[in-house]
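Participant: Whatever this is, show me its structure:
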Amino acid sequence: MKLSAIVLGLVGFAASGNAVLAQQLSADDVKWINQCIADNKGGASGAVIRKYCFCMNEKMGENETRSITEWEKANPAARRACDRESGWR
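Facilitator: Just a heads-up that it's a prediction; the model follows:
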């Protein structure tokens, strides 16, 4: 089940035209992005949520231990920037 979620996330991301970045994602990045997508399900379209979660993941440091959902609460400027970038309304 987890593998299919990872594959689905990567396929959706690659389809959005960002295949180069998808190749640079670690398994940990994919885990956090998929959790972010699950945490935000229903808040916007799937494409917008996916773009938002990738944006937030990119803004976080490599050694961050909090989830994207936890991190975004402590970093409202990053959240607003990713809202704009993803088209979240």
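Participant: I'd like to know how far Gly61 sits from Arg50.
Facilitator: 21 Å (C-beta to C-beta, to the nearest Å). Heads up, the C-betas are built off the backbone N, CA and C, glycines and all.
Participant: Neighbour count for those two, which is higher?
Facilitator: Neighbours were counted for Gly61 and for Arg50 using other C-beta atoms under 10 Å; Arg50 has more, 24 against 7.
Participant: Show the pLDDT at the more buried one.
Facilitator: Note on Arg50: pLDDT of 96.
Participant: That one: which element?
Facilitator: helix 46-59 (DSSP states H and E).
Participant: The spatially most central residue of the chain: what's its closest spatial neighbour, skipping adjacent residues?
Facilitator: With distances taken as C-alpha atoms, centre = their mean, the residue of the chain nearest its centroid is Cys53 (2.1 Å). Once flanking residues are discounted, Cys53 sits nearest to Cys36: 3.7 Å by C-beta to C-beta, 6 or more residues apart in numbering.
Participant: Next, the contact list for that neighbour, please.
Facilitator: 49, 52-53, 56-57, 67-69 (C-beta atoms under 8 Å, 6 or more residues apart in numbering).
Participant: Wait, Cys37 touches Lys51, no?
Facilitator: Quick fix: residue 37 is Ile, not Cys. No. Contact between Ile37 and Lys51 fails when scored by C-beta atoms under 8 Å: they sit 10.4 Å apart.
Participant: Mind giving me the packing neighbours of the helix or strand harbouring Arg80?
Facilitator: Applying DSSP H and E as the criterion places Arg80 in helix 76-86. Counting contacts by 3 or more C-beta pairs under 8 Å, 6 or more residues apart in numbering; DSSP states H and E, helix 76-86 is packed against helix 46-59, helix 68-74.
Participant: Give the buried residues for stretch 30-41.
Facilitator: For stretch 30-41, burial by neighbour count (16 or more other C-beta atoms under 10 Å) applies to 30-34, 36-37, 40.
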